[in-house]
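Enquirer: Let's see this in three dimensions:
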Amino acid sequence: MKTILHKADTRGDANHGWLHSKHTFSFANYHNAERMNFGVLRVLNDDTVSESRGFGTHPHKNMEIISIPLEGDLKHQDNMGNETIISEGDIQVMSAGTGVMHSEHNNNPDKPVKFLQIWIIPNKQNVTPRYDQITLNKADRKNKLQQVISPNADDAGIWMHQNAWFNITNLDKNKAVQYVLNDAKHNGVYAFILKGDATINGQALNERDGFGVWEVETLDIKADSDTEILLMEVPMEINS
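Expert: This is a model prediction of the structure:
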């Protein structure tokens, strides 16, 4: 088993006034040669956007872009004709492929919106751009794993162009679950603690810590307090 630990307070910090972003991996003006990615997981930004502010229209290409709202409502618009709102409990996936233009804004005039912005390097280049979102039943993650992303369009959750699986679990204190990798030969898991405290394969973790594990078949997860955890199983080799 190999591991890497990223404590919450070691992340890059970018405060633009209207946007406060914590970067687990190198992004924009934050560059750390030792924190470029975890396999095909290239970006993990923990963003807070002020009331009625947001990201103006901008381009992306050949990237799988995932947005997971944690608090508030996020308005999405793109040049594919989509105009949607995503809220806590929703998940959004956009395949940039050959190129897409989009914007994301806080749809709330009276409170900030908090969300995770995640970029995954795809296993196919220059695909037709697409947009998708779903609303999840949060009860399905109570003291168990809820699959929210997979490579398969007919599987639970939403799909993307990569051999990757995301799960979320919401555990009561002292509850435990085991995660079994779908592809232990090629993949690792990056665990991100959304709330609370947990121990994963013997490593104690606190809120907003990130913990990467690979060359392993299972993760044993125990809640040291009421906790919510995002598990991202991704290929460790970039082969797009």
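Enquirer: so how far is Asp132 from Thr57?
Expert: Thr57 sits 20 Å away from Asp132, going by Cβ to Cβ, to the nearest Å. All C-beta atoms are positioned from the backbone trio N, CA, C, and that covers glycine.
Enquirer: So for the two, which sits in the more crowded spot?
Expert: Asp132 (14 against 11; other Cβ atoms under 10 Å).
Enquirer: Worst mean pLDDT across the helices and strands of this structure, which element?
Expert: strand 54-60 (a mean of 87; mean pLDDT, DSSP states H and E).
Enquirer: Break the chain into its domains for me.
Expert: As assigned by automatic domain parsing, the chain contains the domains 12-135, 138-235.
Enquirer: Low-confidence ranges, this structure, go.
Expert: Counting by pLDDT under 70, the chain has low-confidence residues at 240.
Enquirer: residues touching Thr218, list them.
Expert: Counting by Cβ atoms under 8 Å, 6 or more residues apart in numbering, Thr218 makes contact with Gln178, Tyr179, Val180, Leu181.
Enquirer: Any of these buried? List them.
Expert: Buried members of these, counted by 16 or more other Cβ atoms under 10 Å: Tyr179, Leu181.
Enquirer: Run through the residues that contact Met160.
Expert: Counting by Cβ under 8 Å, 6+ apart, Met160 touches Glu64, Ile66, Val93, Ser95, Ile120, Pro122, Ile149, Pro151.
Enquirer: If we use 7 Å, what do you get?
Expert: Met160 makes contact with Glu64, Val93, Ser95, Ile120, Ile149, Pro151, according to Cβ atoms under 7 Å, 6 or more residues apart in numbering.
Enquirer: Ok, Pro122 next?
Expert: Asn62, Met63, Glu64, His161, Gln162, Ser240.
Enquirer: Give me the phi and psi angles of the residue nearest to the fourth one when sequence neighbours are not counted.
Expert: Computed as Cβ to Cβ, 6 or more residues apart in numbering, the closest residue to His161 that is not its neighbour in sequence is Pro122, at 4.1 Å. When quoted as degrees, to the nearest 10, the phi and psi of Pro122 stand at phi -80, psi 170.
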